[in-house]
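*Asks:* Need a 3D model of the following:
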Amino acid sequence: MLRRHILPDGYITLAAPHLGPINTHRARLASPVQRLALEADSPTCCWPDCTTPISKCQAHHLTDYAQGGETHPSNMCWLCPHHNAVNGQPDRGRMARIDGRIAWIGPKYGTPRFTGRDYVDAETIIGGPAQGTPASPG
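*Replies:* Have a look, this model is predicted:
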């Protein structure tokens, strides 16, 4: 099921509960539309506790492009240049998408630390379904 989310500046993107933002473009670098869709995930670098704004971040492939990873919002997240460079290095951890949410996986592959927005429980966050919209089956 797809849900629409309105960003703080009024843009709308589609998000699938277990994939995240939806888009269909294919290229090595994220397009402006894909970058806009990624804004739905996070206003800052997705690395835990990093507050670098996305205007200074890079669209990072969660599965490397060279390894067959698609340039698609469901396979991307924002990382500042520093965290993009250290992502996946030994003893640094890596970013992943789990059930549609961005997460940092520690170097020992322990419990994921979710850092992006949660689309699965969006109705709870925004105060329930929009007026005139039926509630999700529970």
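*Asks:* mind listing the helices for this protein?
*Replies:* Assigned by DSSP state H, the chain shows helices spanning 32-38, 81-86, 122-125.
*Asks:* quick one: which of the ones you listed is nearest residue 93?
*Replies:* helix 81-86 (8.7 Å; C-beta to C-beta). Every C-beta, even on glycine, is put in place using the N, C-alpha and C of the backbone.
*Asks:* And for the closest one, what's in contact with it?
*Replies:* The contact list for helix 81-86 (C-beta atoms under 8 Å, 6 or more residues apart in numbering) reads 45, 47, 50, 56, 57, 58, 60, 92.
*Asks:* Mind doing that once more with 10 Å?
*Replies:* 45-48, 50, 52, 56-61, 77-79, 92-95, 104 (C-beta atoms under 10 Å, 6 or more residues apart in numbering).
*Asks:* Quick one: neighbours of residue 85, just the number.
*Replies:* Residues lying near residue 85 (other C-beta atoms under 10 Å) number 12.
*Asks:* ah, wrong one, I meant residue 84
*Replies:* For residue 84, using other C-beta under 10 Å, the count is 19.
*Asks:* how close does it get to residue 96?
*Replies:* According to C-beta to C-beta, to the nearest Å, residue 84 stands 14 Å off from residue 96.
*Asks:* got the CA positions of stretch 35-51 in PDB?
*Replies:* Coordinates of each C-alpha in stretch 35-51 appear next as PDB, following Å, rounded to 0.1, in the frame of the first residue of the first chain:
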ATOM      1  CA  ARG A  35      17.000  13.700  -4.600                       C
ATOM      2  CA  LEU A  36      13.700  15.300  -3.800                       C
ATOM      3  CA  ALA A  37      12.200  11.900  -3.000                       C
ATOM      4  CA  LEU A  38      15.100  11.200  -0.700                       C
ATOM      5  CA  GLU A  39      14.200  14.300   1.300                       C
ATOM      6  CA  ALA A  40      11.300  12.300   2.600                       C
ATOM      7  CA  ASP A  41      13.700  10.000   4.500                       C
ATOM      8  CA  SER A  42      15.800  12.500   6.400                       C
ATOM      9  CA  PRO A  43      16.600  16.300   6.500                       C
ATOM     10  CA  THR A  44      20.200  15.500   7.500                       C
ATOM     11  CA  CYS A  45      23.000  12.900   7.000                       C
ATOM     12  CA  CYS A  46      21.500   9.500   7.900                       C
ATOM     13  CA  TRP A  47      24.600   8.500  10.000                       C
ATOM     14  CA  PRO A  48      23.700   8.300  13.700                       C
ATOM     15  CA  ASP A  49      24.000  11.700  15.400                       C
ATOM     16  CA  CYS A  50      25.300  13.500  12.300                       C
ATOM     17  CA  THR A  51      23.500  16.800  11.800                       C
END
